[in-house]
Structure formats: C-alpha cells, structure tokens
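>>> below is the sequence, then the predicted model.
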Protein chains: 2
Amino acid sequence: MAASSRSLAFWQRVAPRVPFCARERTRTCASVSRLQSSPLSGIHSRSTPIANAVLVKTQCRYKSSSVGSTSSAPVETEDNVLRVGRVKIPNIWLRDNCQCSTCFHADTKQRLHDTFQIPHNLRIRSSESDGKTTAIEWSDGHRSRYDHSVLRQAAAPFKERAIIRQGLAEEPVYWGSEIASSPPKVPHDAPNAMRKILENIRNYGFTYITNVPFHSPTPTEEILTSIAGFLRLTHYGGFYVFTSDLASADTAYTNIALEAHTDTTYFSEPAGLQAFHLLSHTDGEGGASLLVDGFKCALDLKSQDPEAYRILSEVNVHAHASGNKGISIQPFRGFPVFSHDPATGQLLQVRWNSSDRAGIELPIAETPKWYAAARKYNALLKKKRNEYWEQLTPGNILLFDNWRVLHGRSAFTGKRTICGAYVSRDDWVSRWKIERWGDEAAGRAIAAS
Amino acid sequence: MAASSRSLAFWQRVAPRVPFCARERTRTCASVSRLQSSPLSGIHSRSTPIANAVLVKTQCRYKSSSVGSTSSAPVETEDNVLRVGRVKIPNIWLRDNCQCSTCFHADTKQRLHDTFQIPHNLRIRSSESDGKTTAIEWSDGHRSRYDHSVLRQAAAPFKERAIIRQGLAEEPVYWGSEIASSPPKVPHDAPNAMRKILENIRNYGFTYITNVPFHSPTPTEEILTSIAGFLRLTHYGGFYVFTSDLASADTAYTNIALEAHTDTTYFSEPAGLQAFHLLSHTDGEGGASLLVDGFKCALDLKSQDPEAYRILSEVNVHAHASGNKGISIQPFRGFPVFSHDPATGQLLQVRWNSSDRAGIELPIAETPKWYAAARKYNALLKKKRNEYWEQLTPGNILLFDNWRVLHGRSAFTGKRTICGAYVSRDDWVSRWKIERWGDEAAGRAIAAS
C-alpha cells in the first residue's frame, strides 16, 4: 500500500491567503477596489428555475457542521468511527477514497476499485495515528492510510473546497470606466507571461497582451493556442480573421454598432475566453471597443434591487444561432442570466445577448417580470460609469472572460481586419490552476473537492 | 414591414405526431418497446441541489394556463390586450418579438432593435385580424404583424415548445440485452444516411454505421467530421487512433476491463456523440464492447426506488481529469448523475464515471445516502438483462450518445487499433434538427421556443 505523501503544510501555505469571513459589502460607486472574497457569494438565493410560477426563495448554503482545512481539528478514531473534530467521516467515503496502489492509478489518478463492491457493513478493525496520518485496517482486510490534512479538507465548507477546484479569483477587482486609466497588460514575451495573463483574467476578467507582432495573424494564433494547446472550434471555425462583410451570417461581422453582450449564449457551454486583435483599420474611423464588467453590474443590481437580481438568477432564458444554412443551435436547456455555484452561491457566469435571445422560460403572461428585471440590469450595463471604451490598436491582443465581461463596439467606416479565437472555460481554468497552484497541489485537492 | 410568412399548417404537420398525454408507464421488464413520449418526463421532482442538507421536493411543471400549439384557440384583441384563448400575451413580449425588417435581421435571424427602449406603457393603438394573422399599430407608431400559429405556440406548454428546440426523440426506444438481436444500423452510403444515423441516435441512443472502409482511419474521420463539419477537440486531441499503451494517461488507453461509464464527466459539458471503430485486433482476444441504456436503467430506478432516483437527480457530484501533466480539469460546478430540463422534467443527461469521480456535494457525514442511491443504480446497470455486449468488427463504426448510453469493455490481450472521435451535443443536435424539421421550420420555432 502506498502511503499518502500529502502534507498539512500545503494547505497552510495556500488557504490563509483566502479568508472567508469577509462580510458582504454594499457597492454602488464605480471605484476599483480589491476584495478578498467575492462579495457576490454567500447570501443570495440559490439559482433555480421558478417552480409553478412561484418565486421560491431558498438559501444556497449547507448548514451542517464542518471544519476549516487549516483548522487543527483532531482526527480521532473510536468505536468504528473516524472523526475530524465533531464531523464524522463515513466508512464508505473513507474506503472509496483509499489511495493505495490497488485502489488508485498512480499515473492517471483515477479510481481503480469498484466502489459498489465495498461491503455494506464495512467496519474499522483497527486504526493507528502518527499525528499526521491515520492507518486503518478494514473488516475485509484491506488497509488504507489517510493524511489528516486531506481529511480536514474533505470536512471543510464547500466554499473553501471550491477555490482550487474552480480556480477562483483570489483578489477579484470589479471595475468601471476608470479602468481605462490603467487597464491590466502583460507583454507576451514577459517572464511568466502566461501566469500573469491568466491572473489578470481571473482578477479583472480581461487583459491586454502587448508587443504582439501584427504583420500577420500567425503570432496571435500561436499565443492564443498556447493557452490550452488548442482553440475551441465552433460552426464558424476556430481561429478567425474577419472583415466587415456578411460572409458569416452574424451581426458581429457587419459594421453596425453592437451593444455590450456576451458571446455564444446559444451554446450549452458558452465560449470561455475570447480574444480580439485589430490588425488593421484603413479608410475609415469608429469601431471603438466597449467592455463592461458583468459581475460588477450584477453586484450593483443585487445591492439595489435584490428581487430583480433573483429573477435574473432563477428564470431560464433560451437562445439560438440560426443565421447559417444548416445550423439551428440552441442550448440543451434554458439558463438564467446569472449562473451560480449551487453549493456556494458564488456567481460564475453571466449570459447576456439580446440579439440571440429566444424564449423566456416563464408562462408567457408572466414574462413582463423578467423584462422588468432585465431592464434594470440593462440600465446598469449602459451607465457611462460602467462602460470602458478603448480604441484597439495593432500589437495588442484584447483577451477577456466571456463568462464575466461583456463586449461591444461602436459603428465604424472603412475596412477593419480583426483576428481572434475562443478558448473553452475548462481548458483555460485548468491552465490557470496549474500556473497558480502547480500540478501536484491541484491534483491533491481532487478527492476532497 | 415584412409580413410574417409562418403558417398554421406547419404546426399541424409536426405536432400531431407527438401527443403529450401519454401516461407514465411502469416498466421493469427489459423488452424493447416504443413509447410516444418519454416516460421519464413529467412527474418526478425538479433537478435541484439539496439546500441546507434537506431533500426538498418540488415539482418541475409550471401550472399556469396554456394552449396547445395545434389548438384552434381564438386570437383576439380587446382593450389593449391580445389573448390566445384565455392566455394574455403581454405587449412587451409582442413588441420584443416583432419580426419586421427593422426589428429582425433577415439573414442572421437576430433581434436588431433595443428591447429596453420599448416604452414602459406601450399600448395597442389599433389591431386587425385576417383570421391567420393579426396586425397591430402600437402607441409609439410602430407596426407589427403576428402569425396566429406562432402566438399559439408561444402560449403552448413548455413540453410542446421543447420538441424542436431540444431536438427530442419522437419515438424513443429503451432497450436491454435483447437489442443484440437487431441493433440499429445504417450503411454509410445509404440514401439519406445522415438522417437515419441521427434518428437512430435520438431513438436508441446508438447506431452502427456499416460498410465503412477500414484500410485506414481516414474514411472514419471523414464520416464523423461530416456530422457537424468538425470534431470536438479536447486536451487529448480530436480524431484519435489508439492502441493499448499508456501514452495518454487515462485508463481508457490501457487493456484492463472498463465498467460501463459515460465519458468526460470532468467537463462542464461532457462529449455529446462518441464513436469507436475497431480497425484491427491481432495476436489476442477479448475486448468485447459493452453498451448500457442509461435512460432505461434510470427509468427502472425511478419506478423501483423514487427516492434513490431523486437523490441522484439532486445531489451534485464533482469529477476530474488530472492524469496528464499540466492538466487539472474539473467542471465549473457540480452536476447530478441525472440532469433534467428544469421546465419539463425531461431526463436529458446521465453522468456516470466512478473512475473520474471526485467529491460528492453533500456534507461529508451525509454522503452515505448518495452512495446508497448510486449502489442501486449501479446494480441496475450491471444486470445481465441490461447489458448489451458486442464484439466490434472492422467496417462498422459504433456511434452513441454519451449523454444517454454508457459504454465499457472486457479486458483483452494482443494489440487493438481503434479510432474514434467526439462530436459536441449542440452541433449534432443542430444537424438532427435540420435533418428532421428543415432549416425553415427549425428557424420558425425560435421566438416561441
């Protein structure tokens, strides 16, 4: 049996940077501030559809007892029960998460044993603790060893367990128009550029990648591909270079103004990162780019009108992509404008695209309540203090989190050549987790995640 | 203003084939049967996480009044209100869904006007019906025309509106081991092969594509790519040809037996279609392929133990892919084993992979209730009567819906060469919708979807 090599030191190193006791703050001003924990999380209602057309308010948090992963809660075994502090760790969970070489594939980190062959009445025959690990001999003869830091993590609150799993921002910055004076930037050839790029994405929702050659789209394609090793393909293709024509049937390819929106609300999983690089703009003007922090405006809405926030969190909306012949894409189910983690209440995604919106998942006579709530969010998105306008210039890739930051542009004349691409959320967050915490630490957090 | 060209005839043509009054049937035998409407839908509880560790039972259906899209409910306008039967269609919805050329882009089918500029107090100044359409002049002077069949569809129950939107199976077949005697097959070069292939996928969850050249993987790649125009890329790549080594760090690439599972539970959106084509197997034996109808077993579980079904529908589970260096993929939130449409209660997805399972989203002391429910589903999945075993042979692509059908294999010796790929759910369902209903009909269903 392979002894676990997990150490308490790991969690002590990581967790103290992210306190969870930060109280909800009311923010109506647009100034940039750093918050240690997302003020969106915690007290709002769970993201659920409205049943029977009644708005049911439910809390998102589990209330049962738990311990912090950095606690010094004792790990003790007595009368066939292992406890971390006062939390009982069930034998079925312990046995199912045995990490000996018979139960756990060292290369793939996959479970190898058959969970459902674990005896119903499995008991602890004997146990022994050395203060950092506990060894157990089970009633079926199998032997396991558990690192106490992992057991504490498994008994910790969901919010704490979610940090590495979801690759959450540790120092999120919610911004408005004032971000124009010092937008986050990383030279593409800086030391540890990828770490800094993704850290900006996590904390600000966007970044510029500067000093990028623009004689051809190739350097941009290489930089974007390097994030996850590949780009997300859609029915429009992968890496794209487009001008102001109607070759692809989407308003994005015209020269009309586009209000702030998120892309690909018509997918079950919208595009994660999106990039634009203006390679050239000749014989005309206009086409300034607009970014709006969808999370910041959601926060403002929640503060000003919790009922509107709740409606946009609970009423599912449909969308479609049907502009191209042979294409009729719609998500596998409806999704709300604001999607939260059901375990922690953390806001994780904004979907906002009026052009591609289809039905609203309310009995039709009740749809005015969604329109009224959406009107309020729209008003916040369009406040000057929330709009960050920037004229893109060759040499600078604009990269942003399409799950958080809305984008738009003003109308323009002349010929613009822009290139860009999508990177899926799972893939860029995976890269961020590795950059931030490393392979080993990210892997260690799995069983208790 | 462009008059709508939508016709009542369309809905009369489509909808009568899919009655919704079919009562739930209890099915414990494994015989193949055809049901006109999914017996999984309708009465079970909504798929929601457990709040405060209490299992809250809520119904999935909206109860407000609605009309069938094929009804002859009158469309009447009186006192500033348009009604379909007794259902009031709000002015904001009507104005927002105006399809004149100013409000609606003819090429992209996207909304062009600003929803939030619609006056709060918009009123109907005058209206006129010709029996099939109603023309409205609004208090702001704008003029719209609405096809009555579209208005009836917009006022119809969600279940009816979901058929085209979700590309649902119209004649689903739930099967067990007996499917071995007549599994669905389509020669790749048959007339309308793609329509038949996707119809099999929708109704059975799998199909063989036969008569495929196997001298090289290329014909298989071409056939699979032709479904949606591209294949889904992952960190493992796109189209793959693999043998029994550990080059890619996943148990799928070893030669050990694999229990029935779904792939890529570690993605926010698991792979939609999956394909295997055994190109060769030399110097050994074994490696029979196993398919299990996850929906059929879910149906059995629901019938035998509604509480277990409910737990697997409400408790979120985490997963991971962390076998490759630099990769630590986990879904953006936890998902239950059974995912349903929150509007209709229709079962839409099964996630089942014990190897890649991470945490269970319950306070750890309560996880035994999930294990107990999972044990029951596992027992059904492993019943001989539910297992369909087949030795794959060169020339036949096995294509299946990874959201419904579990796959596995027995251990083998020798050298196997298999090729295959993933196609995303949104893309193959889009193709199916076009094959089944056509571009125009699929597009027409959007506003009311």
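Arrived safely.
>>> residues near the closest residue to residue A:211 other than its chain neighbours, how many?
Leaving out its chain neighbours, the residue that sits closest to residue A:211 by Cβ to Cβ, 6 or more residues apart in numbering or on different chains is residue A:187, at 4.6 Å. Yep, even glycine has a C-beta here, placed from its N, CA and C like the rest. When counting by other Cβ atoms under 10 Å in any protein chain shown, one arrives at 13 neighbours for residue A:187.
>>> distance-wise, check residue A:187 relative to residue A:206.
Distance, residue A:187 to residue A:206, using Cβ to Cβ, to the nearest Å: 16 Å.
>>> residue A:360 now?
In terms of Cβ to Cβ, residue A:360 sits 29 Å off from residue A:206.
>>> figure out the helix or strand that the nearest residue to residue A:134 once chain neighbours are set aside lives in.
Spatially, and ignoring its direct neighbours in sequence, residue A:134 is nearest to residue A:146 (5.3 Å; Cβ to Cβ, 6+ apart). Secondary structure assignment for residue A:146, by DSSP states H and E: strand A:143-147.
>>> now the element after that strand, going C-ward?
helix A:148-154.
>>> which helices and strands sit right next to that next one?
Applying 3 or more Cβ pairs under 8 Å, 6 or more residues apart in numbering or on different chains; DSSP states H and E, we find helix A:148-154 packed against helix A:8-14, strand A:75-78, strand A:81-84, strand A:133-138, helix A:158-166.
>>> neighbours around the residue nearest to residue A:134, how many?
By other Cβ under 10 Å, neighbour count at residue A:146 equals 24.
>>> these two touch, right, it and residue A:136?
Yes. Residue A:146 is within contact range of residue A:136, at 7.2 Å (criterion: Cβ atoms under 8 Å).
>>> anything in contact with each of these two?
A:82, A:94 (Cβ atoms under 8 Å, 6 or more residues apart in numbering or on different chains).
>>> endpoint to endpoint, stretch A:151-163 covers what distance?
Taking Cα to Cα, to the nearest Å, the first and last residues of stretch A:151-163 lie 17 Å apart.
>>> average pLDDT for that stretch?
Mean pLDDT, computed over stretch A:151-163, is 90.
>>> now stretch A:348-366
96.
>>> would it count as contacting chain B?
Yes. Residues of stretch A:348-366 are located near chain B by Cβ under 8 Å from any Cβ of the partner chain, namely A:348-349, A:354-366.
>>> same deal with stretch A:322-329?
Yes. Stretch A:322-329 comes into contact with chain B (Cβ under 8 Å from any Cβ), by way of A:322-323, A:325-329.
>>> distance between the ends of that stretch?
Its start and end residues considered, stretch A:322-329 measures 6 Å (Cα to Cα).
>>> so which residues on the stretch 101-250 of chain A come close to chain B?
By Cβ under 8 Å from any Cβ, the residues of the stretch 101-250 of chain A that approach chain B are A:105, A:107-112, A:114-116, A:154-155, A:158, A:161, A:165-166, A:228-233, A:235, A:237, A:246, A:249-250.
>>> isn't residue A:93 right up against residue B:366?
No. Here residue A:93 does not reach residue B:366: they are 10.1 Å apart, not a contact under Cβ under 8 Å.
>>> compare the two and say which is more crowded by neighbours.
Ranked by neighbour count (other Cβ under 10 Å), residue A:93 and residue B:366 place residue A:93 first, with 22 against 16.
>>> residue A:171 looks like it's in a helix, true?
No. The assignment for residue A:171, made by DSSP: H, G, I helix; E, B strand; the rest coil, is coil rather than a helix.
>>> and for it, the neighbour number?
There are 14 residues near residue A:171, going by other Cβ under 10 Å.
>>> please verify my assumption that it contacts residue A:203.
Yes. Residue A:171 lies in contact with residue A:203 (Cβ under 8 Å); the separation is 5.4 Å.
>>> quick one: low-confidence parts of the stretch 51-200 of chain A?
For the stretch 51-200 of chain A, the stretches flagged by pLDDT under 70 are A:51-70.
>>> buried ones in the strand holding residue A:146, by neighbour count?
A:144-147 (16 or more other Cβ atoms under 10 Å in any protein chain shown).
>>> so which of those residues comes closest to chain B?
Distance to chain B, by Cβ to the nearest Cβ, is smallest for residue A:146 among those, at 12.7 Å.
>>> give the contact list for the closest one.
With Cβ under 8 Å, 6+ apart, residue A:146 has these contacts: A:4, A:82, A:94, A:133-134, A:136.
>>> so which residues of the stretch 251-400 of chain A form helices?
A:294-304, A:306-314, A:367-381 (DSSP state H, counting those that start in this stretch).
>>> now residue A:167: how far from residue B:332?
With distances taken as Cβ to Cβ, residue A:167 is found 9 Å from residue B:332.
>>> likewise for residue A:311?
When distance is defined by Cβ to Cβ, residue A:311 is 22 Å away from residue B:332.
>>> those two: which is more packed in?
A count of neighbours by other Cβ under 10 Å puts residue A:311 above the other of residue A:311 and residue B:332, at 24 against 21.
>>> give me the distance between that one and residue B:240.
Taken as Cβ to Cβ, the span from residue A:311 to residue B:240 is 45 Å.
>>> so what touches the strand or helix carrying residue A:225?
For residue A:225, the element it lies in under DSSP H and E is helix A:218-228. Contact with helix A:218-228 is made by A:188, A:194, A:197-198, A:209, A:212-214, A:231, A:239, A:273, A:275, A:277, A:279, A:397, A:399, A:419-421, A:423-424, A:427-428, A:430-431, B:235, as judged by Cβ under 8 Å, 6+ apart.
>>> from these, which ones fall inside strands?
A:209, A:273, A:275, A:277, A:279, A:397, A:399, A:419-421, A:423 (DSSP state E).
>>> show me which helix runs longest in chain A.
helix A:425-444 (DSSP state H).
>>> show me what contacts the residue sitting nearest the centre point of chain A?
Here the mean C-alpha position of chain A is nearest to the C-alpha of residue A:348 (Cα atoms, centre = their mean), at a distance of 5.0 Å. Residue A:348 makes contact with A:166, A:339-341, A:403, B:332-333, according to Cβ under 8 Å, 6+ apart.
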